[in-house]
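Chemist: how would this look folded up:
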Amino acid sequence: MSEAFLPILVIALVTLLITSITFVFVLLSKFNAVRIEAACASDRLKSKEKELDQAVLDLALIKEALTNSNLELTKSREELAGLNTRAELERDQFEEKLKFIERSKQQLGESFKNMANDLLEAKSKSFSQSSKENITALLSPLQDKITQFEKRVEETYDKESKERFSLVREIKSLQALNNKISEDAINLTNALKSDNKAQGTWGEFVLETILEKSGLSKGREYEVQVNLKSEDGSKSQPDIIVHLPESRDIVIDSKVSLRAWDTYCSSDQPSEKDRLLKQHIVSIRQHVKTLSAKDYQNLIGINSLDYVFLFMPVEAAYSTAVQTDRDLFQYAFERNIIFVVPSTLLTTLRTVQNLWRLSQQNQNANEIADRAGALYDKFVAFVDDLEEIGGRIDASRRSFEKAKTKLVSGRGNLVGRAEALRGLGAKTSKKQDPTLVEAADVSDEAEANLQQKQGKQEIGKDDTRH
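Modeler: The predicted structure is shown next:
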């Protein structure tokens with residue numbers, strides 16, 4: 001029984017031993033872990049203590065820095081208060097100086113202005129007088145030219161206006177004049193119908209009368225019965241040559257045929273009137289043919305138009321013939337002949353007279369333009385002279401300003417030096433204008449010399465007293 005129990009006991013002891021050993025090992029492991037953890041905790045504690053010490057040190061430094069900052073802030077506030085006080089004082093002083101400078105500037109400006117005006121007035125009187133005389137000498141011819149030009153333009157305009165208004169009245173008088181001429185022609189028909197030469201003379205007389213009434217001048221705008229030659233050397237003598245502007249001419253020839261016309265007017269038989277009217281038209285055609293053969297438009301010595309005027313003094317004879325023979329005008333025109341009667345001729349001659357008037361006006365306009373061009377050139381030259389005078393005045397003003405600057409402005413100005421010399425004891429019998437002296441900038445050196453001289457004089461006086 002005891003032997004049987006022994007193995008069990010041994011096993012139990014072994015088991016207990018193993019369990020104990022295992023427990024010991026577990027305890028050792030836990031102890032080691034606790035020891036390690038304690039060591040770590042100790043390390044952490046030491047680290048925290050160091051951090052705490054550093055924090056305490058930092059806090060002390062911060063407190064010290066804060067104390068210093070408070071001291072500096074207090075000091076800065078005190079300095080700022082001092083600066084503000086000083087700035088207020090300096091600002092007040094600056095404002096006083098600025099006011100003084102403004103007053104001095106105003107006084108200096110007024111003094112300089114008065115002095116400059118006096119000097120300029122004195123210097124400009126002689127210059128202005130001579131300039132005025134020169135300008136007057138230049139302007140007088142220019143003014144005369146302008147006055148003449150205006151007068152010429154006004155005269156031309158007035159003349160043209162009067163002629164324009166009178167032209168209406170003259171045209172109205174043409175009809176009355178034409179009627180009178182026609183009546184005179186009818187009255188003279190009975191006296192002239194039997195004499196062809198008398199008829200021609202009468203026609204030329206009526207033609208010259210119309211020319212005189214037209215306003216044209218004989219020997220200038222028209223000529224009577226001028227002897228000319230044709231290209232073949234034969235002589236011709238047109239009744240009238242009317243001259244046109246630009247060297248052109250119009251040839252007028254009078255043709256009178258009254259026999260058939262007078263009989264026609266006095267006849268009461270229709271058949272007889274038709275026959276006499278045909279004779280009258282044949283006579284007119286014959287005059288056209290004869291005049292065309294003379295070739296007046298190509299005569300040597302004139303520059304005629306391409307056609308010749310055939311003058312018929314009895315307007316009724318012409319109008320009746322043209323109304324009856326409607327080809328009569330074309331027949332004449334093809335032969336470079338144009339019919340004219342007192343009314344149409346007078347109107348044509350009036351037109352010629354107006355052409356001469358316009359030509360004369362154009363010549364006057366050209367002359368006016370030439371004179372205006374010369375006047376303009378003279379005016380431009382006058383303006384250039386004025387510009388040159390202005391430039392010289394500006395140069396004189398700049399020279400005056402420069403001299404004035406040397407006199408009263410800047411260091412070492414003449415007025416300041418002169419006053420310094422006087423202050424140093426220079427013997428003088430006159431004094432400068434106080435206004436000029438006040439306007440001048442007296443240099444610091446001159447003031448120092450003056451004060452030094454005055455100091456020496458005071459010392460000399462004290463030595464003399466002792």
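Chemist: mind checking which helix or strand Glu49 is in?
Modeler: Per DSSP states H and E: Glu49 is located in helix 2-192.
Chemist: by contact count, what packs against the next helix or strand along the chain from that helix?
Modeler: Using DSSP H and E, the helix or strand that follows helix 2-192 towards the C-terminus is helix 196-213. Applying 3 or more Cβ pairs under 8 Å, 6 or more residues apart in numbering; DSSP states H and E, one finds that helix 196-213 contacts helix 2-192, strand 240-244, strand 248-254, helix 342-408. Just so you know, the C-beta spots here come from the backbone N, C-alpha and C atoms, and that holds for glycine as well.
Chemist: Convert the C-alpha atoms of helix 196-213 to CSV, please.
Modeler: These are the backbone C-alpha positions of helix 196-213, laid out as CSV (Å, rounded to 0.1, in the frame of the first residue of the first chain):
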residue,chain,number,x,y,z
ASN,A,196,-33.0,150.8,-154.0
LYS,A,197,-30.0,152.9,-152.9
ALA,A,198,-32.1,154.9,-150.6
GLN,A,199,-33.5,151.7,-149.1
GLY,A,200,-30.0,150.4,-148.4
THR,A,201,-29.0,153.7,-146.8
TRP,A,202,-32.1,153.7,-144.7
GLY,A,203,-31.4,150.1,-143.6
GLU,A,204,-27.9,151.0,-142.6
PHE,A,205,-29.2,154.1,-140.7
VAL,A,206,-31.7,151.9,-138.7
LEU,A,207,-28.8,149.4,-138.0
GLU,A,208,-26.5,152.1,-136.7
THR,A,209,-29.4,153.6,-134.6
ILE,A,210,-29.8,150.2,-132.9
LEU,A,211,-26.1,149.9,-132.4
GLU,A,212,-26.1,153.3,-130.6
LYS,A,213,-29.1,152.3,-128.5
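Chemist: got the angle between that helix and strand 248-254?
Modeler: Note on geometry: by axes from the mean of the first three to the mean of the last three Cα atoms, to 10 degrees, helix 196-213 and strand 248-254 are set 140 degrees apart in direction.
Chemist: Could you pull out the buried residues of helix 196-213?
Modeler: If you call a residue buried by 16 or more other Cβ atoms under 10 Å, then helix 196-213 has these buried ones: Gln199, Trp202, Gly203, Glu204, Val206, Leu207, Glu208, Thr209, Ile210, Leu211, Lys213.
Chemist: Could you dump the residues you listed into TSV and include distance to Ile300?
Modeler: Formatted as TSV, the buried residues of helix 196-213 follow (distance: Cβ to Cβ, whole Å):
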residue	distance to Ile300
Gln199	30
Trp202	30
Gly203	26
Glu204	23
Val206	29
Leu207	24
Glu208	25
Thr209	29
Ile210	27
Leu211	24
Lys213	31
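Chemist: So which of these is the closest to Tyr222?
Modeler: When those are compared for distance to Tyr222 (Cβ to Cβ), Leu211 wins out at 5.7 Å.
Chemist: from memory that closest one sits against Lys218, does it?
Modeler: Yes. The criterion here is Cβ atoms under 8 Å, and Leu211 meets it with Lys218 at 7.2 Å.
Chemist: thinking again about what came up before, going by mean pLDDT, which of the helices and strands packed on helix 196-213 comes out lowest?
Modeler: The minimum mean pLDDT among these belongs to helix 2-192 (a mean of 70).
Chemist: Provide a list of residue ranges in the stretch 201-350 of the chain with pLDDT below threshold.
Modeler: Counting by pLDDT under 70, not a single residue of the stretch 201-350 of the chain qualifies.
Chemist: all strands of it, in order?
Modeler: 222-224, 228-229, 235-236, 240-244, 248-254, 304-311, 337-340 (DSSP state E, counting those that start in this stretch).
Chemist: Quick one: the ones you listed as JSON lines, columns for distance to Gly423 and mean neighbour count too.
Modeler: Shown next, in JSON lines, are those (distance: least, Cβ to Cβ, whole Å; neighbours: other Cβ atoms under 10 Å):
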{"stretch": "strand 222-224", "distance to Gly423": "102", "mean neighbour count": "17"}
{"stretch": "strand 228-229", "distance to Gly423": "109", "mean neighbour count": "14"}
{"stretch": "strand 235-236", "distance to Gly423": "114", "mean neighbour count": "12"}
{"stretch": "strand 240-244", "distance to Gly423": "97", "mean neighbour count": "20"}
{"stretch": "strand 248-254", "distance to Gly423": "98", "mean neighbour count": "21"}
{"stretch": "strand 304-311", "distance to Gly423": "104", "mean neighbour count": "19"}
{"stretch": "strand 337-340", "distance to Gly423": "110", "mean neighbour count": "20"}
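Chemist: Could you chop the chain up by domain?
Modeler: 193-340, 409-465 (automatic domain parsing).
Chemist: Mind checking the ones you listed for the one nearest to Thr85?
Modeler: Nearest of the domains of the chain to Thr85, taken as Cβ to Cβ: domain 409-465 at 30.5 Å.
Chemist: Let me see the mean pLDDT of the closest one.
Modeler: The average pLDDT within domain 409-465 is 62.
Chemist: Identify the residues contacting the closest residue to Ser254 other than its chain neighbours.
Modeler: In space, and not counting its chain neighbours, Ser254 is closest to Gly203: 3.8 Å by Cβ to Cβ, 6 or more residues apart in numbering. Contacts for Gly203 (Cβ atoms under 8 Å, 6 or more residues apart in numbering) come out as Ser254, Lys255, Val256, Phe311, Pro313.
Chemist: Any chance of JSON lines for those, columns distance to Ile8?
Modeler: As requested, those are arranged in JSON lines below (distance: Cβ to Cβ, whole Å):
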{"residue": "Ser254", "distance to Ile8": "197"}
{"residue": "Lys255", "distance to Ile8": "197"}
{"residue": "Val256", "distance to Ile8": "201"}
{"residue": "Phe311", "distance to Ile8": "193"}
{"residue": "Pro313", "distance to Ile8": "197"}
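Chemist: What are the buried residues along stretch 312-330?
Modeler: Going by 16+ other Cβ under 10 Å, stretch 312-330 has these buried residues: Met312, Pro313, Val314, Glu315, Ala317, Tyr318, Thr320, Ala321, Val322, Asp325, Leu328.
Chemist: Many thanks, we can stop here.
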